[in-house]
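Novice: Just need the structure, nothing else, for what follows:
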Amino acid sequence: MHAVLLTWNPGPDNTHVWSPEAWEAAIVRPTQHGQAVATTWGVGNHVHHIGPGDEAYLYRQGSWGRGIVARGVIRSRPWPAPHWDEAKARQGVVTHCVDVEWQDAVPVGAAIGVHQLEALVPEFGWRKVYSSGRRTPAGVTAGLRQVWEMHGTAAVADED
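Specialist: Numbering: from 1, shown residues only. Prediction:
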């Protein structure tokens with residue numbers, strides 16, 4: 001089984017889509033209380049081999065660091081939508097999105113960092129994830145799932 005890496009690159013101000021505080025309020029706290037949170041997420045041009053039931057991980061990138069901050073399930077096939085960048089959307093540029101149900105999430109500061117990912121799942125190019133919607137090979141998915149289970153449980157315990 002594969003998983004899909006969805007990417008979040010918040011930009012230099014650290015607030016595109018959510019600030020770290022808004023992320024915690026909107027996604028982390030509800031999932032820590034057992035509530036799944038439904039969102040849509042862009043997959044760019046990755047429209048093949050993604051569908052309902054696929055496991056998804058949110059890989060935060062950018063100047064504030066790389067790391068996995070959430071796990072969920074994709075609930076739709078990719079569908080066309082106006083580009084998330086408003087200037088591009090005004091020009092008619094389309095991207096593709098999926099519906100995602102986030103089931104587990106951690107605060108930005110508790111992400112599974114790229115160094116941890118490289119040490120624990122070394123067969124994947126964690127520094128070469130350039131776009132959202134990338135599938136992981138089955139072996140990488142199994143390793144990622146195991147790392148998330150260990151890390152996510154510890155991060156939730158630290159928050160209590």
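Novice: just checking, Ser131 touches Tyr59?
Specialist: No: look at Ser131 against Tyr59 with C-beta atoms under 8 Å: they stay out of range, at 10.6 Å. Where you see a C-beta, it was placed from the backbone N, CA and C, and this is true even at glycine.
Novice: Neighbour count: the two, which is higher?
Specialist: For the pair Ser131 and Tyr59, the greater number of neighbours falls to Tyr59 (24 against 14), based on other C-beta atoms under 10 Å.
Novice: can you list contacts of stretch 42-53?
Specialist: In this structure, residues lying in contact with stretch 42-53 by C-beta atoms under 8 Å, 6 or more residues apart in numbering are 2, 4, 6, 73-78, 81, 84, 95-98, 131-135.
Novice: For the chain, which element, helix or strand, carries the lowest mean pLDDT?
Specialist: In the chain, no helix or strand scores lower on mean pLDDT, DSSP states H and E than helix 138-159, which sits at a mean of 78.
Novice: Low-confidence bits of this protein, can you list those?
Specialist: Across the chain, residues meeting the criterion (pLDDT under 70) sit at 152-160.
Novice: For the longest strand along it, which strands pair with it and how are they oriented?
Specialist: Assignment by DSSP state E gives strand 94-105 as the longest strand of the chain. Strand 94-105 sits in its sheet next to strand 37-42 (antiparallel), strand 67-74 (antiparallel), strand 79-82 (antiparallel), going by DSSP bridges.
Novice: For Met150, which of the ones you listed is the nearest?
Specialist: Taking C-beta to C-beta as the criterion, Met150 comes closest to strand 67-74 out of the strands paired with strand 94-105, the separation being 12.0 Å.
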